[in-house]
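> below are the sequence and a predicted model; questions follow.
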Amino acid sequence: MERRDFLKHLCWVITSGGILGGLSADAWAKMLNKDYDTTKHYYGMGIDIDKCIGCGRCMQACKTENDVPAVPFYFRTWVERYVIRTDRTVSVNTINMESDELGDVLAEKDVLRSFFVPKLCNQCDHPPCVQVCPVGATFKTDDGVILVDSKRCIGCRYCIQACPYGARYLHPKTRVADKCTFCYHRLVRGLLPVCVEVCPKQARIFGDMKSIASPLGRFTRMNKIHVLKPSLNTDPKVYYANLDGEVN
Amino acid sequence: METAQNFMELSKQVVGFIYPNEIDIQWSILIVVYPYITGLVAGAFILASLVKVFNVKELQPTYRLAMLTALAFMLIAPLPLQLHLGRPERSYEMFMTPNLTSAMAMFGFVYLWYLMLVLLLEIYFEYRRDMIVWSSESTGLKKWVLKILSLFSTDISEKAVAFDKKTVKIITIIGIPSAFLLHGYVGFIFGSIKANPWWSSVMMPVVFLFSAIVSGIAMVMLLYMIIKPLLGGKIDMKCLDKVASFLFYAVIVDFSIEVLDFIHRLYESEESIKILSQLVTTKLFISLVVLQILMGMLLPLAVMAVIKVFKLQEEVRKLLYFVCGLLIQLGIFSTRWNVVIGGQLFSKSFRGLTTYKMELMGMEGFLVALALLILPFVILSILIKLLPPWKKEELAGS
């Protein structure tokens, strides 16, 4: 083979690699309708800890909406219950949707403070999962949501290891990584994520960070905001108000 | 639903709080086997390079065996990864659309570079002359296999052989950083995960590298002691003492680095220290403190020190070296276990510990892992049949 031919072939291989690399983005584009402009939005979620009553409706609605296995070992969103005792010991458990049991029930005098913390994918602006995915199946959309292309994912689970928040799992049926998408299929139709929709206390506030007037814009103006594990520099886009220092 | 029941059982063994998705341990025994195997490849190659690059003459009898060992394990190295994938049929995506920011995406390229450019080429040039001679001496299938392996070359002139030798040396020089790359890279896969404080350490590639060198040297030593007598040769004690000597120093370096890492973590005492201490003193006590440190490191170190200080008889030395080799394999396998499984036993909430229950059958079970550990030895025996590491006169002479 002549050197020139070799270089030609090389160029061909490299460009075709690039085209294939763009396929994830293509799959995502198919989800969108024509009127939806991804560059006009940038999504985030606010959570007001003081409003959450731990009813678990968000967990239930999410499982139904997104085909998450019903057994309590796979969640796109879940609610943690924190009890901090007067002796400063902390106990935490995940709300169990199948029973009324709350976990430790203590006498009032033994409880220093207690609260619920809804959790979900933080849709990080610097997502470690996207960084480590070997095939580019996990990617960030223009409007700031981290999605998994289930047709591309090879199920290596590196992303699950890389997520500091435990927000990912391997779907037992599809054998690929799965996680919260902010209900992206609803967003592009102008609907709210289902967990936000069903919350009876409006503890979850969804919105567009590009708009100051959005509910999220107001939420972040009116509250002191904290994010989970800020030291890891993942820049979460799930913002907590009234978050306790014990939560991680 | 069977998994759900398993998880139900497992959740009873959870200590403290874990995130609900964390009950499912993602990287199983197969991912323990993978760094163990690649470590052996890198370590065996480093031993071989001592002969070619650093001219340690005493080690010459182990050179070819070390190369074949590296190749045998290298051929199996991708299998545990492949079998562990949720969608193994898509693994080619890693070559088609590699994500350049992913350490894992580089696996295929590092692997191919090392296998093709280093191991296969070096073994080819090392054996080229012999393959031509052997193929002319044998008949039937073996003749043709050797002919194909030698790529039908026929030139055994002095000039050609001199070229072979020079090439082997050049490849080895490229091979040393490549071996470092191969296993340092495996360490980086773990070390670069900032979400996991047990893994996230700049020391990780270095620890992996030195433990690889330790395990590789020990494995070649064991194989040398088993295979050479089996083929009718005698163990060259000068060579064995030298291998053991290198092993001794490698263990000391490896141990020092691990102790440094340990002290550093303890002294810095970051947020995760409580849960990691709990991990080490409960779930990992046997595999880390007993198997990895005491039996896999300190005991062989003590035994080898005794051999160095006191002039023991040949037979006693052989026996002790052999025991040390086995203990070190056990220790390094535990090291891999403690990194891979240990790193998944604590919750990233730093509030609890979970449990790993190994399957027996199943794709990611004990039996498959065992098969993957036996397979390299089967391949090695075939390689040795085809490409004997020692010539007849060497076996008769020594």
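In hand now; what should we look at?

> ok, for whatever residue of chain A ends up closest to chain B, nearest residue in space, not its chain neighbours?
Closest residue of chain A to chain B, CB to the nearest CB: A:G155 (1.9 Å). C-beta here means a position set from N, CA and C on the backbone, and glycine is covered the same way. If the residues on either side of it in the chain are set aside, A:G155 comes closest to B:G86, at 1.9 Å by CB to CB, 6 or more residues apart in numbering or on different chains.

> now do the contacts for that neighbour.
Going by CB atoms under 8 Å, 6 or more residues apart in numbering or on different chains, B:G86 touches A:C153, A:I154, A:G155, A:C156, A:R157, A:L170, A:T174, A:R175, A:V176, A:A177.

> and the residue of chain A closest to chain B, that's in a strand?
No - assigned with DSSP: H, G, I helix; E, B strand; the rest coil, A:G155 falls outside any strand and is coil.

> report how many residues lie close to it.
Using other CB atoms under 10 Å in any protein chain shown, A:G155 is surrounded by 21 other residues.

> ok, now the one 4 residues further on?
Burial of A:C159, expressed as a neighbour count using other CB under 10 Å, amounts to 28.

> helices or strands next to the one helix or strand it maps to in the packing?
Using DSSP states H and E, the element containing A:C159 is helix A:158-162. Identification of packing neighbours for helix A:158-162 by 3 or more CB pairs under 8 Å, 6 or more residues apart in numbering or on different chains; DSSP states H and E yields helix A:128-132.

> can you list contacts of the helix it packs on?
Contact partners of helix A:128-132, identified using CB under 8 Å, 6+ apart, comprise A:138-140, A:146, A:158-159, A:161-164, A:168, A:179, A:232, A:234, B:101-104, B:192-195.

> one more pass at 6 Å, please.
The contact list for helix A:128-132, computed with CB atoms under 6 Å, 6 or more residues apart in numbering or on different chains, reads A:T138, A:K140, A:Y158, A:C159, A:A162, A:C163, B:T101, B:S102.

> how about it, which residues are buried there?
A:P128, A:C129, A:V130, A:Q131, A:V132 (16 or more other CB atoms under 10 Å in any protein chain shown).

> same question for that helix, mean pLDDT?
Across helix A:128-132, pLDDT averages out at 97.

> next one: it to chain centre, how far?
Here the centre of helix A:128-132 is set off from its chain's centre by 14 Å, with CA atoms, centre = their mean, to the nearest Å.

> ok, now stretch A:64-82?
That offset, for stretch A:64-82, works out to 12 Å (CA atoms, centre = their mean).

> start and end of it, how far apart?
26 Å (CA to CA, to the nearest Å).

> does it reach chain B?
Yes - against chain B, stretch A:64-82 shows contacts by CB under 6 Å from any CB of the partner chain at A:V71, A:F73, A:F75, A:W78.

> so can I have TSV of the contacts of helix A:128-132 showing distance to B:S211?
Converted to TSV, the contacts of helix A:128-132 look like this (distance: CB to CB, whole Å):
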residue	distance to B:S211
A:T138	31
A:K140	36
A:Y158	22
A:C159	27
A:A162	23
A:C163	27
B:T101	27
B:S102	24
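
> what about chain B, any weak spots by pLDDT?
Applying pLDDT under 70 to chain B flags the ranges B:1, B:397-398.

> that older thread, of the residues of stretch A:64-82 next to chain B, buried ones?
A:F73, A:F75, A:W78.

> so the second one makes contact with B:P20?
What it means is A:F75. Yes - counting by CB atoms under 6 Å, B:P20 is a contact partner of A:F75 at 5.1 Å.

> where does chain A have low pLDDT?
For chain A, the ranges with pLDDT under 70 are A:1-33, A:99-104.

> where do the helices of it begin and end?
Using DSSP state H, the helices of chain A run over residues A:3-21, A:23-31, A:57-66, A:128-132, A:158-162, A:184-187, A:194-198, A:215-222.

> number of residues surrounding residue 229?
In the absence of a named chain, this looks at chain A. A:K229: 19 surrounding residues under other CB under 10 Å.

> chain B was what I was after
By other CB under 10 Å, 12 other residues sit near B:P229.

> which non-adjacent residue is nearest it?
Take B:P229 and drop its neighbours on the chain: the residue closest to it by CB to CB, 6+ apart is B:I235, 6.5 Å away.

> what is the neighbour count of the one you found?
17.

> dihedrals phi and psi, it?
When read as degrees, to the nearest 10, the backbone of B:I235 gives phi -70, psi 130.

> ok, now which ones touch the spatially most central residue of chain A?
Residue closest to the average C-alpha location in chain A (CA atoms, centre = their mean): A:C121, at 1.9 Å. Residues near A:C121 by CB under 6 Å, 6+ apart: A:A167, A:K179, A:C180.

> ok, now how distant is it from B:T167?
Going from A:C121 to B:T167 by CB to CB, to the nearest Å gives 53 Å.

> B:Q329 now?
B:Q329 sits at a distance of 33 Å from B:T167 (criterion: CB to CB).

> what's the answer for B:I176, then?
Using CB to CB, B:I176 is found at 15 Å from B:T167.

> residues from the stretch 101-250 of chain B in reach of chain A?
Residues of the stretch 101-250 of chain B lying near chain A by CB under 6 Å from any CB: B:T101, B:S102, B:M104, B:A105, B:I193, B:K194, B:A195.

> mind listing the strands for the chain?
You didn't pick a chain, so chain A it is. Along chain A, counting by DSSP state E, strands occupy A:43-48, A:77-85, A:90-94, A:111-120, A:138-140, A:146-148, A:169-170, A:177-178, A:204-208, A:225-226, A:238-241.

> think we crossed wires, I meant chain B
For chain B, the strands defined by DSSP E cover B:15-16, B:352-353.

> so what's the gap between the last one and the chain middle?
Spelled out, it's strand B:352-353. In terms of CA atoms, centre = their mean, the centre of strand B:352-353 is set 30 Å apart from its chain centre.

> so what does it touch, helix or strand wise?
Contact here means 3 or more CB pairs under 6 Å, 6 or more residues apart in numbering or on different chains; DSSP states H and E; on that basis strand B:352-353 packs against strand B:15-16.

> try it again with 8 Å
Counting contacts by 3+ CB pairs under 8 Å, 6+ apart, strand B:352-353 packs against strand B:15-16, helix B:273-281.

> give me the sheet partners of the shortest one and which way each runs.
Think strand B:15-16. Here strand B:15-16 is paired, per DSSP bridges, with strand B:352-353 (antiparallel).

> cheers, nothing more for now.
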